[in-house]
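Chemist: Provide a 3D model corresponding to the input given below.
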Amino acid sequence: MNIMGSAVLLTVDDPASSARFFVSHLGFREVLATRAMTHLSRDDAATDLVLRKSAGPSVWQGRTPGQADVVVSFTVTSIHAEYERLRREGARITLPVRKEPWGEWVLELTDPNGVVIQLVAWTPPAGA
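Modeler: As a prediction, this is how the structure comes out:
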């Protein structure tokens, strides 16, 4: 098997609002958009995002309207600069940048459909 690319499919209530969020705050670009789906990509990201319109409430894994099923995580450089930029842009930051005991810096934001986006930067602990 030779994997040529990858995508994460997110089922949300309003794909257009999630697409605007990812384009405005995270530098994605729109590849394809229909009424029910938007495909986003970045030149430097290994994973594309496909935002698909929800068909309504789902009993699968207890999903309810407005609640995302996953956390999308991106490893970034300059996480503190990203935090300041996102704050200035008015992005909905739900967990300000902080350092975890295992050496990872983490920041979480949430898009208009409840999709949680985690930005992380790794700093090895002292002595590692």
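Chemist: doesn't Ser18 fall inside a strand?
Modeler: No: using DSSP: H, G, I helix; E, B strand; the rest coil, the secondary structure at Ser18 is helix, not a strand.
Chemist: What average pLDDT does stretch 119-128 get?
Modeler: Here stretch 119-128 scores 73 as its mean pLDDT.
Chemist: now the strands: where do they sit in this structure?
Modeler: Under the criterion DSSP state E, strands of the chain are mapped to 6-12, 29-33, 37-41, 47-53, 71-75, 93-99, 104-110, 116-122.
Chemist: among those strands, which is nearest Arg87?
Modeler: Arg87 lies closest to strand 93-99 among these, at 6.3 Å (CB to CB). For the C-beta atoms, the positions are set from N, CA and C on the backbone; glycine is no exception.
Chemist: buried residues in that closest one?
Modeler: For strand 93-99, the neighbour count (16 or more other CB atoms under 10 Å) marks 93, 97 as buried.
Chemist: Cool, thanks, talk later.
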